[in-house]
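Peer 1: sequence-free structure coming up:
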């Protein structure tokens, strides 16, 4: 399973961005899909999760500003980012729990990361 993230860039405070992450390969099923981020000098943190049933969860610092969604037909997870703040600056990574065709178990897969910079 390969993950391709896109949508990062430079945005002014208060602006918006939409991240996308497409999963491809011999996919039998995708379960939870997540976005993590890692700011310079900090540990990677879990930003948001969406379950296979559509349930969502967010870290407190982004609640009300970021929204995760998924399109199961396209094996894609999105992160709509509104009212961005300088402290949202980070490399954003997508992560999916998926089961490959022929595999007995699911495992985690990671995308390559996309840089989001919030600055005036």
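Peer 2: Yep, it's here. None of these values were measured; they are calculated from a predicted model.
Peer 1: helix/strand/coil for the most centrally placed residue in the chain?
Peer 2: Central residue of the chain (CA atoms, centre = their mean): residue 35, 2.8 Å from the mean position. Put simply, residue 35 is strand when judged by DSSP: H, G, I helix; E, B strand; the rest coil.
Peer 1: do the same with residue 73
Peer 2: The three-state label for residue 73, taken from three-state DSSP, comes out as helix.
Peer 1: pull out the buried residues from stretch 49-56.
Peer 2: Neighbour-count burial for stretch 49-56, counted by 16 or more other CB atoms under 10 Å, picks out 49, 50. In short, each C-beta sits where N, CA and C put it, glycine included.
Peer 1: I should have written stretch 81-96 there, sorry.
Peer 2: Applying a neighbour-count criterion of 16+ other CB under 10 Å, one finds 81, 84, 88, 89, 90, 91, 92, 93, 94, 95, 96 buried in stretch 81-96.
Peer 1: number of residues surrounding the spatially closest residue to residue 33 that is not a sequence neighbour?
Peer 2: Ranked by CB to CB, 6 or more residues apart in numbering and with sequence neighbours excluded, the top spatial neighbour of residue 33 is residue 77, at 4.0 Å. As a burial measure, residue 77 scores 29 neighbours (other CB atoms under 10 Å).
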